[in-house]
Each structure stands twice: as structure tokens, then as C-alpha cells.
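**Student:** coords please:
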Amino acid sequence: MESASPVHLAVDLGASGGRVIAGGLVGGKLHLEPIHRFDNEVVRVQGSLQWDLLGLWREILRGLREAANRYPQVASVGVDTWGVDYVLLDDHDQVAGPVRCYRDARTRGMVERAFEIVPRKEIFAATGLQFMEINSLYQLLAAQLQGDPSLGIADGFLMIGDFFHWLLTGQRSIEVTNASTTQLLDPRDKQWRTDLMERFGLPSGIFTPPIEPGTTLGPIQPSVGSSTGLGGVPVVVPATHDTASAVLAVPAEDFAPARPSWCYISSGTWSLMGCELPEPKINDRCSELNFTNEGGVEGSTRLLKNIGGLWIFQQIRKAMERRSAAHQWDEMVEMARRATPFEFLVNPDDPSLVAPDDMIDALNQYAARTGQHPPKESGALYRAALEGLALRYRICLEMLESLVNHRIDAIHIVGGGSLNGLLCQMTADACDRVVIAGPVEATAIGNLLMQMLGTGRLKSVQEARALVRASFETTRYQPQQTSGWSEAAEKFTSL
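**Tutor:** Numbering: from 1, shown residues only. Below you'll find the model as predicted:
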């Protein structure tokens, strides 16, 4: 990328790592250049799981300084992150208390406790969101019921991406795509359901009206500008929920069709599988299947389901490291390829696998509980983690088609999981659909595209997606070995 060309900077934060990536146009194509990568690890503090947000801020500043040294023309900066987690600020513009991770145990039982206060049907009718104990609503309810003092002194509520935009600009804001993951937002008018907050005893005054992706929040504030060399650079808010950014980067030709012929899987630590629609679907069938209506760009809706993703696969490797028996990622995939199919079936959404101390021990216990024999070979364990995902995708596809009342012909897999060729082929075989894999850096690409839309360098989502198709290669996987998946799916459903 030519150093004299203007670039946009995407700060892309995931649950396991972050990066600062520069993006600019070179020869009519979007070119990416990684500037700085860093880890993001949960810290256990007195039994609770917390994020080290100030440590992340230090790494972000390091990346921004490096970008300023490389590029004389930085057009904008924007941050995308994972959903549901939040930061509370006090009236002195300080963090009011620890920032908990969504895997923290304090939310256990909170969904059922919430239904004692407001019936399930009423919560879904108001928010259109799937019921997961990690949702911000249940985190806030846990804080309220457990007497968390930070809630009592809170003067402002920010999602994680909003927190870093506040550090960059000094301006408080809440971007709508991430706000839609709280289960406190109405997906129809994109406004807070303050009536719901008040019924739960939550302070509605700390929630400011949501802003749309593409909003210019303001320039980088002087203190940050002097330490990074990016003084005066505008902060353009992307779709701060990383999945919303990833969906913008799907190389499809249409945008939010009423009858979608494709769906997406944003594949990483989590898998998020769904369709992009012009408006939310809030009905009994959607509630029964526990699908969610989250906000997308340009007022679109992401009708989707959260799936455990590559979390189990990743955590098996961590458990292997503790046993001094870890394999490299490509070795794990190859060992899984050689293992016997359907020897051990694992539901990636089983609650016991959300945050175990040791994933291999947890899988052995899961096998005993479900009447299966635990794998003796590592390859069988790796294969089970991938097959379980493919089977979950198959079931989710059937649900999606029933909700949109239309056949889905293609599955776009974007994100890091698109590099796992075995998982992509398993998905094509399990679902009996063509899979189009890529781009890999979808969240960062979507972040950059929204900044380009916000600054006027791109005029429409269709133009942005055309740029993706012109700039990044994809891999197509046709269904090949479809036999055996139906029988495995029946057994999998019964677990």
C-alpha cells in the first residue's frame, strides 16, 4: 500500500485477540495491512472473570502510533468488538467498577429469574432477541440483584466498542448494532425499551439514544492525538458489533433481500449463522426457535442464532498445552480429517462446555452423561469439535428456511473459520449446500467499509460489496460426502 495514499484504521477486538489494521484503495481494490496484533485474555479476579480493558487500550495506542508513523494521511479510525458486555461510567468520567466477561458465572439462573419479573413472551415481543444468559439484560439483572455498587453510582452505560470510542474522542455514545445485543432495545424503532428497564429495576437514565453506523463522532481528542500522532483525525463509528461488520463484508450481490437465497456464518470463537433481512421477524415461530433480531447496517436486521463456534476446538488445544501434548492448528485439522466420522458427537452449545476449567475433562464428562464413549485418540476429539459445529449448522439452516419461508442455496462463511477447509467441507456436506468461504478478515473489512461509507468514499452497501468481490478471493466447497449426515443429525438431536 502506498504510504502517500489515505488510509482508514480499523481497531478490531475479539474475545481472544485484537488488531489494528490499515485499509486503503490500491488500483481499485481494497488493500489491508496489519499494523499491530495483540492478545485479549480474560483475567480471573476473586472468582470473577473480567476484561483488562486498560491493557487493550495500551495496545490500541501502540497500534495507532505505529500507523501514524507509517501513513501521513489517515482518513478515519473506528472500533468494532464483541457484543453484550458493557462498561459503566460514573459522573467523574471514570470507570465505575470492574468490567465482567460474558462467561462470568454471575448470570447463571438469571434468565429464569428474569421470567419471574417479566414473562418470557413479553421480553421477546419487546426486544425480538434470543434468550442467552450472557445477554446484557441478565448481566445487569445479576448486578442489580447482587448489589453491585457500580450500578448504583453509574452515570453512563457504554458497550465495549463505545468505551474505546469514548477514550478516543471524549464523547459518550452507544452504537445501535451492539446496543441490539443487550435485549433492552426495540429492533423495530431502534430505541431503548425504558419500560422494560424500569420493570427490572434498572436505571434507564444511563442509556443515551443509539447512533447509527457511519456517524462521525468527532476528532481524536488532544491527549490521544499527542500520544499517537493522530491529532484531529475523525473517529467514524463502524458497525461496532463485530458480526454486523462481518456481515457487511459478505461478498453477496444483494443487500437485505425480502426473500434471501443465501445465509452467512461469521465463524470464529463464536459462530453466528443467519440471514440479512430488511426488517425484524418477531413472531411465535422465531421465539420458539430462539432466534434473534439484531441490528445491521443501513437499518437492516440480522436474523441469526449464536452457536458455540470454534471455542471447543480452541480450548481442546489449551487443555493439550497443559498436558504438554499440544499440536499445531494445521496438525489438529489433519488428524481430525483422518479420524473415524461420527465416533463422538458433541453439541457446541451444551452449557457444560461454556467455560470449563479443562475442556478435555469436560468432554469426558459430557460423553459419560450422554451415553457415549469418550475418544481415546486426539484426532477423534478434534473431529468431534468440528462435526458438532457442522451438525449444528445443518439444524440451524433448517430453522432459518422455516423462518424466511424460502430455500437458502448458498452459505457464506466469513472470518477465521473460513480458513478451516475441513470444517467448510463438512458444512457443505452436512447442509447439502454450496459453501463460499472468505474473506478471512471480514470484521476488519466491514469496519473499514463502514468508515468509507461514512466519509463518502463509498456510496452504498452494494458498492461496498462489489469492492469486496473485486479485492478478495473466495473458495467454493460443493457437497461431496453427504451420506451419514442425516443419521448423525438424528442422533445429535437426541443428545
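**Student:** Straight-line length of stretch 109-129, end to end?
**Tutor:** For stretch 109-129, the first-to-last residue distance is 18 Å (C-alpha to C-alpha, to the nearest Å).
**Student:** ok, residues contacting that stretch?
**Tutor:** Contacts with stretch 109-129, where a contact means C-beta atoms under 8 Å, 6 or more residues apart in numbering, come from 131-133, 135, 137-139, 141-142, 145, 180-181, 183-188, 193, 195-196, 199-200, 280-282, 286-287, 292-294. The C-beta positions use only the backbone N, C-alpha and C, and glycine is treated the same way.
**Student:** repeat that with 6 Å
**Tutor:** 131, 133, 138, 141-142, 183, 187, 193, 196, 199-200, 280, 282, 287, 292-293 (C-beta atoms under 6 Å, 6 or more residues apart in numbering).
**Student:** Grab the two from those residues that are most spread out in space.
**Tutor:** Greatest spatial distance in the contacts of stretch 109-129: Ala142 and Pro280, 26.6 Å, computed using C-beta to C-beta.
**Student:** now, which of the contacts of stretch 109-129 lie within strands?
**Tutor:** Taking DSSP state E as the definition of strands, the contacts of stretch 109-129 contribute 292-293.
**Student:** Using PyMOL, define a selection of the buried residues within the contacts of stretch 109-129.
**Tutor:** In PyMOL syntax, the buried subset of those is picked out as below (16 or more other C-beta atoms under 10 Å):
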select buried, resi 131+133+138+141+142+183+187+193+196+200+280+282+287+292+293
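**Student:** quick one: which of the contacts of stretch 109-129 is nearest to Ser245?
**Tutor:** Thr292 (16.9 Å).
**Student:** quick one: contacts for the closest residue to that closest one other than its chain neighbours?
**Tutor:** Take Thr292 and drop its neighbours on the chain: the residue closest to it by C-beta to C-beta, 6 or more residues apart in numbering is Gln130, 3.8 Å away. By C-beta under 6 Å, 6+ apart, the contact list for Gln130 reads 290-292.
**Student:** Turn those residues into TSV, columns for distance to Gln73.
**Tutor:** Below are the contacts of Gln130 laid out as TSV (distance: C-beta to C-beta, whole Å):
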residue	distance to Gln73
Asn290	47
Phe291	43
Thr292	39
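**Student:** Please tabulate those in CSV, including the columns pLDDT.
**Tutor:** As requested, these are exported to CSV (pLDDT from 0 to 100):
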residue, pLDDT
Asn290, 94
Phe291, 97
Thr292, 96
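**Student:** for the helix or strand containing Ala126, the distance to its chain's centre please.
**Tutor:** Assigned by DSSP states H and E, Ala126 belongs to helix 120-127. Computed by C-alpha atoms, centre = their mean, to the nearest Å, the chain-centroid distance of helix 120-127 equals 23 Å.
**Student:** What average pLDDT does that helix get?
**Tutor:** Helix 120-127 comes out with an average pLDDT of 98.
**Student:** Now do the buried residues in that helix.
**Tutor:** 123-124, 126-127.
**Student:** ditto for stretch 56-76
**Tutor:** 56, 59-61, 63-68, 71, 74-76.
**Student:** could you redo these as JSON lines and give each row secondary structure and distance to Leu419?
**Tutor:** Shown next, in JSON lines, are those (DSSP: H, G, I helix; E, B strand; the rest coil; distance: C-beta to C-beta, whole Å):
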{"residue": "Leu56", "secondary structure": "helix", "distance to Leu419": "24"}
{"residue": "Glu59", "secondary structure": "helix", "distance to Leu419": "24"}
{"residue": "Ile60", "secondary structure": "helix", "distance to Leu419": "25"}
{"residue": "Leu61", "secondary structure": "helix", "distance to Leu419": "29"}
{"residue": "Gly63", "secondary structure": "helix", "distance to Leu419": "23"}
{"residue": "Leu64", "secondary structure": "helix", "distance to Leu419": "27"}
{"residue": "Arg65", "secondary structure": "helix", "distance to Leu419": "30"}
{"residue": "Glu66", "secondary structure": "helix", "distance to Leu419": "25"}
{"residue": "Ala67", "secondary structure": "helix", "distance to Leu419": "25"}
{"residue": "Ala68", "secondary structure": "helix", "distance to Leu419": "31"}
{"residue": "Tyr71", "secondary structure": "coil", "distance to Leu419": "28"}
{"residue": "Val74", "secondary structure": "strand", "distance to Leu419": "29"}
{"residue": "Ala75", "secondary structure": "strand", "distance to Leu419": "29"}
{"residue": "Ser76", "secondary structure": "strand", "distance to Leu419": "28"}
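**Student:** And the furthest pair within the residues you listed?
**Tutor:** Leu56 and Ala75 (23.3 Å).
**Student:** what about the strands in the stretch 251-400 of the chain?
**Tutor:** 262-267, 271-277, 292-295, 301-307 (DSSP state E, counting those that start in this stretch).
**Student:** quick check: domain ranges of this protein?
**Tutor:** Using automatic domain parsing, the domain ranges for the chain come out as 7-236, 250-438+459-495.
**Student:** Ala444 is nearest to which of those?
**Tutor:** Per C-beta to C-beta, nearest to Ala444 of those: domain 7-236, 4.4 Å.
**Student:** Now find how far off-centre the closest one is within its chain.
**Tutor:** With C-alpha atoms, centre = their mean, you get 12 Å for domain 7-236.
**Student:** and the end-to-end length of that domain?
**Tutor:** 13 Å.
**Student:** can you map out the helices along the stretch 351-495 of the chain?
**Tutor:** 359-369, 378-404, 421-431, 442-454, 461-471, 485-494 (DSSP state H, counting those that start in this stretch).
**Student:** now, of those helices, which is deepest in the fold?
**Tutor:** helix 442-454 (a mean of 29; mean count of other C-beta atoms under 10 Å).
**Student:** quick one: that one to chain centroid distance?
**Tutor:** 15 Å.
**Student:** outside of that helix, which residues touch it?
**Tutor:** Outside helix 442-454, the residues touching it (C-beta under 6 Å, 6+ apart) are 8, 10, 12, 21, 23, 76, 78, 80, 213-214, 236, 238-239, 242, 245-246, 248-249, 414-415, 439, 458, 464.
**Student:** Nearest approach to Pro209 belongs to which of the strands of the stretch 251-400 of the chain?
**Tutor:** Using C-beta to C-beta, these put strand 292-295 closest to Pro209, at 13.7 Å.
**Student:** What strands flank that closest one, and is each parallel or antiparallel?
**Tutor:** Within its sheet, strand 292-295 is paired with strand 301-307 (antiparallel), according to DSSP bridges.
**Student:** Residues contacting the strand it pairs with, please?
**Tutor:** Contacts for strand 301-307 (C-beta under 6 Å, 6+ apart): 247, 271-275, 277, 279-281, 291-294, 296, 392, 396.
**Student:** got the angle between it and strand 271-277?
**Tutor:** 160 degrees (axes from the mean of the first three to the mean of the last three C-alpha atoms, to 10 degrees).
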